[in-house]
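>>> coordinates only, no sequence provided:
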């Protein structure tokens with residue numbers, strides 16, 4: 001029996017809601033340590049990250065830490081039905097769609113990106129990703145050749161999730177237990 005995407009999204013919301021703040025912090029820290037230990041992170045200068053929502057792995061401290069490491073960080077910005085990419089600047093942020101903080105600068109061509117860190121509702125070990133259902137990341141990822149790392153809490157990695165032809169497969173999936181998938 002396969003589970004539909006809407007049911008899976010509800011199930012994942014419940015699983016993440018059951019995590020304590022301490023568990024979320026510990027799992028977030030572990031994931032970022034694994035990301036930072038990958039060769040692709042070491043080699044990447046231009047990285048697209050995301051400004052986390054409360055139910056996602058926290059990126060707020062990671063963004064500034066990576067800037068301090070000399071990385072150029074970009075964040076996605078919702079424009080209509082698509083995501084554009086803008087360079088992060090702590091001084092030039094505003095609240096955007098879905099109450100997500102977004103940079104206010106000029107749009108950046110996605111060709112500059114070398115690494116993209118992708119949040120998701122759920123992932124599987126084949127590299128499939130289930131998003132929130134609007135297709136923003138799938139459309140963005142179809143415009144770039146950057147390496148994609150999906151990041152998630154332990155409870156978000158499942159044996160299998162529904163995937164469609166237009167869904168973009170991650171090159172890596174990183175959980176608090178390490179790299180679950182490497183292409």
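Happy to help now that I have it. Source: prediction; values computed, not measured.
>>> where does the prediction get shaky in the protein?
1-2, 182-183 (pLDDT under 70).
>>> do that again at 50, thanks
For the chain, the stretches with pLDDT under 50 are 1.
>>> what about the helices in it?
5-17, 21-36, 39-43, 60-68, 136-141 (DSSP state H).
>>> most tightly packed of the ones you listed?
helix 136-141 (a mean of 18; mean count of other Cβ atoms under 10 Å). C-beta here means a position set from N, CA and C on the backbone, and glycine is covered the same way.
>>> quick one: contacts for the nearest residue to residue 27 once chain neighbours are set aside?
Leaving aside its chain neighbours, residue 27 sits nearest to residue 176 (4.1 Å; criterion: Cβ to Cβ, 6 or more residues apart in numbering). Applying Cβ atoms under 8 Å, 6 or more residues apart in numbering, we find residue 176 in contact with 26-27, 30-31, 34, 153-154.
>>> of these, closest to residue 172?
residue 34 (9.2 Å; Cβ to Cβ).
>>> what sits up against the top strand by length along the chain?
Secondary structure of the chain per DSSP state E: the longest strand is strand 72-79. The contact list for strand 72-79, computed with Cβ under 8 Å, 6+ apart, reads 45-51, 63, 66-67, 83-88, 96-98, 100-103, 107-108, 112-113, 136-137, 140.
>>> quickly list what the residue lying closest to residue 179 once chain neighbours are set aside is bridged to.
Leaving aside its chain neighbours, residue 179 sits nearest to residue 172 (5.8 Å; criterion: Cβ to Cβ, 6+ apart). Taking DSSP bridges as the rule, residue 172 bridges to residue 149, residue 182.
>>> now do the contacts for residue 172.
38, 40, 127, 147-150, 179, 181-183.
>>> who wins on neighbours among these?
In terms of neighbour count, residue 150 stands highest of those at 28 neighbours, by other Cβ atoms under 10 Å.
>>> what about the closest residue to that one other than its chain neighbours, neighbour count?
Nearest non-adjacent residue to residue 150, counting by Cβ to Cβ, 6+ apart: residue 170, 3.9 Å away. Residues near residue 170, counting by other Cβ under 10 Å, number 25.
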